[in-house]
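[1] A predicted structure for the sequence below; I have some questions about it.
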Amino acid sequence: MEAMVSQDIILTHQEYKKIARLVYDRFGIHLGDKKESLVSNRLRKVLQAGGFATFDKYYQHLITDRSGKALDVLINKISTNLTFFGREAEHFLYLKDTVIPAFLASGVFKSDKKLRIWCAGCSTGEEAYTLAISAREALRQARADIDFAVLATDISGRALAVAEKGIYNAENVEKMDRAWLKKYYSKTDGDTFAVNREIREKVLFRRLNLMRPEFPFKNRFHVIFCRNVMIYFDQKTRQELTVKFHKYIHDEGYLFIGHSESLGRDNAYFSYVKPAVYKRSKG
């Protein structure tokens, strides 16, 4: 009977606007006016489990819960963690074949022999592990005595829990380079594949809200991947994030974004290199 009542709960436009504003203020995600049914469907079970009779009562719980757990559940339900190995694969090839060799040739690692990559919005980890493999392949091919590390961050605790395990089903890895799959993954019981230890040890997963005014980083990154994340932000938030990326990226660093994204024509912080690839401007 309780489940039937929950199914009948209606999300009013006013309630939706309050929840959407909270999501924007806390996480920078711009839901817009066309996501009411999505929000309603994704949160209905949360209301049922918590015994909330209306979305307004659920909203009041969100803004008064000091533990932060309610907001964690909200963002885990709202955020979309859709990714797979091999997504926009040309970026990884460009990193391996062009960007890292250019770093090595220009003497970027003279004083600090460590390549640092930040995977912002790493979702369930596929991109972060592929970045680690790309770095490993490039450095080995060049026989460079350079270490590397990948910091992978996301707002979703649920996605990070999957990422840290490093175990993926066959469907997820089907578009991955076959040689890399054989070299860096091990077949497990059932139809799953586990990331090998040598790659897992190079990736550090941490929870991070990109809306923070400052990031807790001591060193700047040579490469930042933030793909298909800014599409959820409005123009103001994208501009603010671009400024922060400029601050935390190396003078010769590269920023990779999604092919459906753009930094805008008035961007003064990064110079266009090729579709969805930018290099830090000196300004």
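    Structure received.

[2] and F205, helix, strand or coil?
    Secondary structure for F205, judged by DSSP: H, G, I helix; E, B strand; the rest coil, is strand.

[3] okay, it: pLDDT?
    With respect to pLDDT, F205 scores 97.

[4] mind listing the strands for the stretch 51-200 of the chain?
    Ranges of strands in the stretch 51-200 of the chain, per DSSP state E, counting those that start in this stretch, are 114-120, 147-154, 167-169, 185-187, 192-195.

[5] And the ones you listed: which comes nearest T98?
    strand 114-120 (14.1 Å; Cβ to Cβ). Backbone N, C-alpha and C define where each C-beta goes, glycine included.

[6] Bridged to the closest residue to F270 other than its chain neighbours, which residues?
    Nearest in space to F270, with sequence neighbours left out and distances taken as Cβ to Cβ, 6 or more residues apart in numbering, is Y278 at 3.7 Å. For Y278, the beta-bridge partners under DSSP bridges are L255, Y272.

[7] Count the neighbours of Y278 for me.
    23 (other Cβ atoms under 10 Å).

[8] Restrict stretch 122-131 to CA atoms and write it as PDB.
    The C-alpha trace of stretch 122-131 is given here as PDB (Å, rounded to 0.1, in the frame of the first residue of the first chain):
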ATOM      1  CA  CYS A 122      35.700  10.300 -13.700                       C
ATOM      2  CA  SER A 123      32.300   8.600 -13.300                       C
ATOM      3  CA  THR A 124      32.900   4.800 -12.800                       C
ATOM      4  CA  GLY A 125      36.600   4.900 -13.700                       C
ATOM      5  CA  GLU A 126      36.800   3.800 -17.300                       C
ATOM      6  CA  GLU A 127      38.300   7.000 -18.500                       C
ATOM      7  CA  ALA A 128      40.800   7.300 -15.600                       C
ATOM      8  CA  TYR A 129      42.200   3.800 -16.200                       C
ATOM      9  CA  THR A 130      42.500   4.500 -19.900                       C
ATOM     10  CA  LEU A 131      44.400   7.600 -19.100                       C
END
